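Participant: sequence and predicted structure are below.
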Amino acid sequence: MSAQSSFDYAVIRVVPRVDREEFVNAGVIVFCLEKNFLGAKVSVNEERLKALWPEIDVALIRRHLEAFPKISAGDSDAGPIGQLTLRERFHWLVSPRSTMIQVSPVHTGICGDPQQSLDRLFERLTC
């Protein structure tokens, strides 16, 4: 059993019409500094998004959501933000936004394996 560490996480949300404040959970970001981990998983539930706004540009939403895992991983396609430290990338990803892609407040937890926590939170909060 691996040592327990604290981690932070936030839920990635799609807010099709910001004026209505309705949203669909579309992913999760997990950050565990002690285990040198920053990860994000996203998915697009087209049916749920179109139920909130039939005219939504799902392809555009998908492209924006796909940036979260790339930035988390420090992918070369993530631009200058992807080259920041883990902590800086996490804080950039969870900073407040008033756009169609938003994140929840940051929450904390304890885990032995942050990847397993990411997978568990993703299944629980987005499906």
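Facilitator: Ah, there it is.

Participant: just checking, what packs against the biggest helix by length in the chain?
Facilitator: The helix that spans the most residues within the chain, counting by DSSP state H, is helix 58-73. Contacting helix 58-73 under the criterion 3 or more C-beta pairs under 8 Å, 6 or more residues apart in numbering; DSSP states H and E are the following elements: strand 5-14, strand 24-32, strand 37-42, helix 46-52, helix 86-93, strand 101-103. All C-beta spots, glycine's among them, are computed from the backbone N, C-alpha and C.

Participant: neighbouring contacts of that helix?
Facilitator: Helix 58-73 is contacted by residues 12, 14, 26-27, 29, 38-42, 44, 46, 49-50, 75, 77-78, 81-82, 89-90, 92-93, 100-101 when judged by C-beta atoms under 8 Å, 6 or more residues apart in numbering.

Participant: which of these count as buried?
Facilitator: 12, 14, 26-27, 29, 38-42, 44, 49, 78, 82, 89-90, 93, 100-101 (16 or more other C-beta atoms under 10 Å).

Participant: and the lowest-mean-pLDDT helix or strand in the chain, what does it pack onto?
Facilitator: Lowest mean confidence among the helices and strands of the chain (mean pLDDT, DSSP states H and E): helix 46-52, at a mean of 94. If you count contacts as 3+ C-beta pairs under 8 Å, 6+ apart, helix 46-52 packs onto strand 24-32, helix 58-73.
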